[in-house]
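Trainee: for reference, the sequence and a predicted model appear below.
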2 protein chains.
Amino acid sequence: MKTVAIFGVGLIGGSFALALRKAGFSGQILGVSSSETIQRALDLNVIDAAAAPDQATRSADLIYLSQPILQILDSLPQIAASAKPGTLVTDAGSTKIEIIRRAAEVFKPGQFLGGHPMAGRERRGVDAAEADLFQDRPYVLTPHSITQLEQPNAQEFQEWLNKIGAVPMVFDAAEHDRIVAFTSHLPQLASTALAAMLSNRPEAKSRVFGPALLDSTRLALSSFDIWGDIFTTNRTAILDALRDYIAQLEQLGDHFETAALSEEFDRAANFAASIREPE
Amino acid sequence: MKTVAIFGVGLIGGSFALALRKAGFSGQILGVSSSETIQRALDLNVIDAAAAPDQATRSADLIYLSQPILQILDSLPQIAASAKPGTLVTDAGSTKIEIIRRAAEVFKPGQFLGGHPMAGRERRGVDAAEADLFQDRPYVLTPHSITQLEQPNAQEFQEWLNKIGAVPMVFDAAEHDRIVAFTSHLPQLASTALAAMLSNRPEAKSRVFGPALLDSTRLALSSFDIWGDIFTTNRTAILDALRDYIAQLEQLGDHFETAALSEEFDRAANFAASIREPE
């Protein structure tokens, strides 16, 4: 591939551009974003040039959609209408069912490949972008069929994912969305709920707290601009996860000062340790 | 002061010893702990010598109790019986009401000063001890009267707290316990509940997760050995905080996909940012 077009040059899109460059990509990287973001991306040498959406779509060999989810959904028909045959269109949206469904309506089979890099920071925007963001992190792919991954455009994209240090993993879109409801969207709600609740409590105005509170409220720094779209497109699975979490908290309260609480702690500590072990 | 006795040479006691030394304390530091811990503390040069409890109590000018809370409660009568007049006995227990109550029964006024350093790590034990653990962290003191802090032994202890970089703050024991129920004990339960719940979910076995899940489950690595005592001695305030948190989570679920959810996010993000600002 010679030309890559990145729609939405924020944390993820900007990091993908920097990662490609670091991994040896020598073609042109075009950016499609707000004029303010484009200027910053040019200043930081994250992209080579700005482009209008149609121009970027027509000239790119890889189109990388890293806007918020609802913007990706809006942009798919226009991109499907002008992308070159053979060009791969892929996205980095945090939920996949809605995007895959819309893509199937407008793209020819083999042209769109859903993706979700499991990487992030609480800071947003192109200023937070870094070439190593995807290093050793899972990169979920949701092909419309198993054979899609064997086609040349998908093969080349997977090679670049490997070069930037990401760990590609293949999932069905519905399976992916259900998993991240539990491993990503619920932790966000848990942190937001803690910070929102404490913001109303006189106890939290004392500045008497340790590192625990900083850990627990780090995710709460995230902006609703991104999360609103995630909640809209993964409602059922997230509400299931939230219900399970509330039930678990109620159980801890019921078990307070019994041996069962100690067992819950052990179970929790074992799980927390297990996700820190190399596979 | 010439001799300091540290009861419980773990993360907190060991760090206090290292911090004192780094701040220029040139007297003797005695350790009272299990023989295994004592050996490790000697190997790491955290303490100068081991001592039996009675010997340490009789010779020390400052007695620092950093065992689990129930052990502190058990040891208070014996220490009160043998400490020299003028020696300050202080503790680092995470809850204060029970310890202050027991101390008032056995010590003469002015000899015991409750304390709680708001510092910690998920790792425990003397191997995790570090001289800078208290640097810029609040160090709560719960004197039995305001004038206690003006007495020579309390003055000298506060001077050492300042030298090790801690930020002394004075609270009533009940006020302290209520605050930490919200800012420390609830975050622990929130993390433990998340990890305990996920340990039962097939969705969490996929290894599809980002940095968010690592942040959210860091506290869940903590051991129940410490937390059991905290829960036993601060039951009412913790169950109040837990009830408030569950209500907030239910509210997020009720507000799902409404403008109110966006407002909760903003409130949470503002709170999370505010506790990261210097005072």
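Mentor: Noted; the coordinates are in hand.
Trainee: is chain B contacted by stretch A:161-180?
Mentor: Yes - when contact is scored as CB under 8 Å from any CB of the partner chain, part of stretch A:161-180 falls within range of chain B: A:169, A:171, A:176, A:178-180. All C-beta atoms are positioned from the backbone trio N, CA, C, and that covers glycine.
Trainee: with pLDDT and secondary structure added, can I get these in JSON lines?
Mentor: JSON lines is the format used below for the residues of stretch A:161-180 next to chain B (pLDDT from 0 to 100; DSSP: H, G, I helix; E, B strand; the rest coil):
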{"residue": "A:169", "pLDDT": "96", "secondary structure": "strand"}
{"residue": "A:171", "pLDDT": "96", "secondary structure": "coil"}
{"residue": "A:176", "pLDDT": "97", "secondary structure": "helix"}
{"residue": "A:178", "pLDDT": "97", "secondary structure": "helix"}
{"residue": "A:179", "pLDDT": "97", "secondary structure": "helix"}
{"residue": "A:180", "pLDDT": "97", "secondary structure": "helix"}
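Trainee: what's the spatially most central residue of chain A in contact with, if anything?
Mentor: If you average the C-alpha coordinates of chain A and look for the closest C-alpha using CA atoms, centre = their mean, you land on residue A:94, 4.2 Å from that point. The contact partners of residue A:94, by CB atoms under 8 Å, 6 or more residues apart in numbering or on different chains, come to A:69, A:116, A:180, A:184, A:226, A:229-230.
Trainee: switch the cut-off to 10 Å
Mentor: Contact criterion CB atoms under 10 Å, 6 or more residues apart in numbering or on different chains gives A:12, A:68-69, A:116-118, A:120, A:176-177, A:180, A:184-185, A:226-227, A:229-230, A:233-234, B:210 as the residues in contact with residue A:94.
Trainee: over to residue A:21?
Mentor: Shown here is residue A:21, whose contacts under the criterion CB under 10 Å, 6+ apart are A:4, A:27, A:29, A:45-48, A:131, A:164.
Trainee: spell out the secondary structure type for it.
Mentor: Counting by DSSP: H, G, I helix; E, B strand; the rest coil, the backbone at residue A:21 sits in helix.
Trainee: narrow the contacts of residue A:21 to those in strands?
Mentor: Residues from the contacts of residue A:21 lying in strands, with DSSP state E as the criterion: A:4, A:29.
Trainee: top of the contacts of residue A:21 by number of neighbours, please.
Mentor: Counting neighbours by other CB atoms under 10 Å in any protein chain shown, residue A:47 leads these with 27 neighbours.
Trainee: closest residue of the stretch 1-150 of chain A to chain B?
Mentor: When scored by CB to the nearest CB, the stretch 1-150 of chain A has residue A:118 as its residue closest to chain B, at 4.1 Å.
Trainee: so what's residue A:236 up against?
Mentor: Taking CB under 10 Å, 6+ apart as the definition of contact, the neighbours of residue A:236 are A:97, A:177-178, A:181.
Trainee: mind putting these into CSV with distance to residue B:272?
Mentor: Shown next, in CSV, are the contacts of residue A:236 (distance: CB to CB, whole Å):
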residue, distance to residue B:272
A:97, 30
A:177, 26
A:178, 28
A:181, 22
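Trainee: and which of these is nearest chain B?
Mentor: Nearest to chain B, judged by CB to the nearest CB, of these is residue A:178 at 5.8 Å.
Trainee: tally of neighbours for the closest one?
Mentor: 23.
Trainee: element containing the nearest residue to it once chain neighbours are set aside?
Mentor: Distances taken as CB to CB, 6 or more residues apart in numbering or on different chains place residue A:237 nearest to residue A:178, at 4.7 Å, with adjacent residues excluded. Under the criterion DSSP states H and E, the helix or strand holding residue A:237 is helix A:235-254.
Trainee: tell me the angle that helix makes with helix B:235-254.
Mentor: If you take axes from the mean of the first three to the mean of the last three CA atoms, to 10 degrees, helix A:235-254 sits at 170 degrees to helix B:235-254.
Trainee: quick check: what element follows helix A:235-254 along the chain?
Mentor: Later in the chain than helix A:235-254, the nearest helix or strand by DSSP H and E is helix A:259-274.
Trainee: any idea how far that following helix is from the chain center?
Mentor: 29 Å (CA atoms, centre = their mean, to the nearest Å).
Trainee: which of the residues in stretch A:247-266 are buried?
Mentor: By neighbour count, and taking 16 or more other CB atoms under 10 Å in any protein chain shown as the criterion, the buried residues in stretch A:247-266 are A:248-249, A:251-253, A:256, A:261-262, A:264-265.
Trainee: in what helix or strand does the nearest residue to residue A:112 once chain neighbours are set aside lie?
Mentor: Among residues not flanking residue A:112 along the chain, residue A:103 sits closest, at 4.1 Å (CB to CB, 6+ apart). Per DSSP H and E: residue A:103 is located in helix A:97-106.
Trainee: over to residue A:63?
Mentor: strand A:62-65.
Trainee: okay, now the sheet partners of that strand, with direction.
Mentor: Strand pairing for strand A:62-65, using DSSP bridges, gives strand A:3-7 (parallel), strand A:88-91 (parallel).
Trainee: tell me which helix or strand comes right after that strand.
Mentor: helix A:69-82.
Trainee: does any part of that next one sit near chain B?
Mentor: No - with CB under 10 Å from any CB of the partner chain as the measure, helix A:69-82 is seen stopping short of chain B, the closest distance being 12.6 Å.
Trainee: by contact count, what packs against that helix?
Mentor: If you count contacts as 3 or more CB pairs under 10 Å, 6 or more residues apart in numbering or on different chains; DSSP states H and E, helix A:69-82 packs onto strand A:3-7, helix A:53-59, strand A:62-65, strand A:88-91, helix A:97-106, strand A:112-117, helix A:224-233.
Trainee: mind putting these in a markdown table, distance to residue A:197 included?
Mentor: Output for the helices and strands packed on helix A:69-82, formatted as a markdown table (distance: least, CB to CB, whole Å):
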| stretch | distance to residue A:197 |
| --- | --- |
| strand A:3-7 | 37 |
| helix A:53-59 | 42 |
| strand A:62-65 | 36 |
| strand A:88-91 | 34 |
| helix A:97-106 | 31 |
| strand A:112-117 | 30 |
| helix A:224-233 | 17 |
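Trainee: need these in JSON lines with distance to residue A:242 and mean pLDDT, can you?
Mentor: Output for these, formatted as JSON lines (distance: least, CB to CB, whole Å; pLDDT from 0 to 100):
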{"stretch": "strand A:3-7", "distance to residue A:242": "31", "mean pLDDT": "98"}
{"stretch": "helix A:53-59", "distance to residue A:242": "36", "mean pLDDT": "97"}
{"stretch": "strand A:62-65", "distance to residue A:242": "28", "mean pLDDT": "98"}
{"stretch": "strand A:88-91", "distance to residue A:242": "26", "mean pLDDT": "98"}
{"stretch": "helix A:97-106", "distance to residue A:242": "18", "mean pLDDT": "98"}
{"stretch": "strand A:112-117", "distance to residue A:242": "21", "mean pLDDT": "98"}
{"stretch": "helix A:224-233", "distance to residue A:242": "11", "mean pLDDT": "92"}
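Trainee: pLDDT score for residue A:258?
Mentor: According to the predicted model, the pLDDT of residue A:258 comes to 86.
Trainee: show me what contacts residue A:3?
Mentor: With contacts defined as CB under 10 Å, 6+ apart, residue A:3 is in contact with A:27-30, A:48-49, A:51, A:56, A:58-63, A:84, A:87.
Trainee: for residue A:72, that is, sorry about that
Mentor: With contacts defined as CB under 10 Å, 6+ apart, the neighbours of residue A:72 are A:7-8, A:65-66, A:79, A:91-93, A:98-99, A:102-103, A:114, A:229.
Trainee: could you dump these into CSV and include neighbour count?
Mentor: CSV is the format used below for the contacts of residue A:72 (neighbours: other CB atoms under 10 Å in any protein chain shown):
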residue, neighbour count
A:7, 26
A:8, 24
A:65, 28
A:66, 25
A:79, 25
A:91, 28
A:92, 26
A:93, 24
A:98, 19
A:99, 24
A:102, 18
A:103, 27
A:114, 25
A:229, 21
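Trainee: check those and tell me the two furthest apart.
Mentor: Across the contacts of residue A:72, the longest distance by CB to CB is 17.9 Å; it joins A:79 and A:229.
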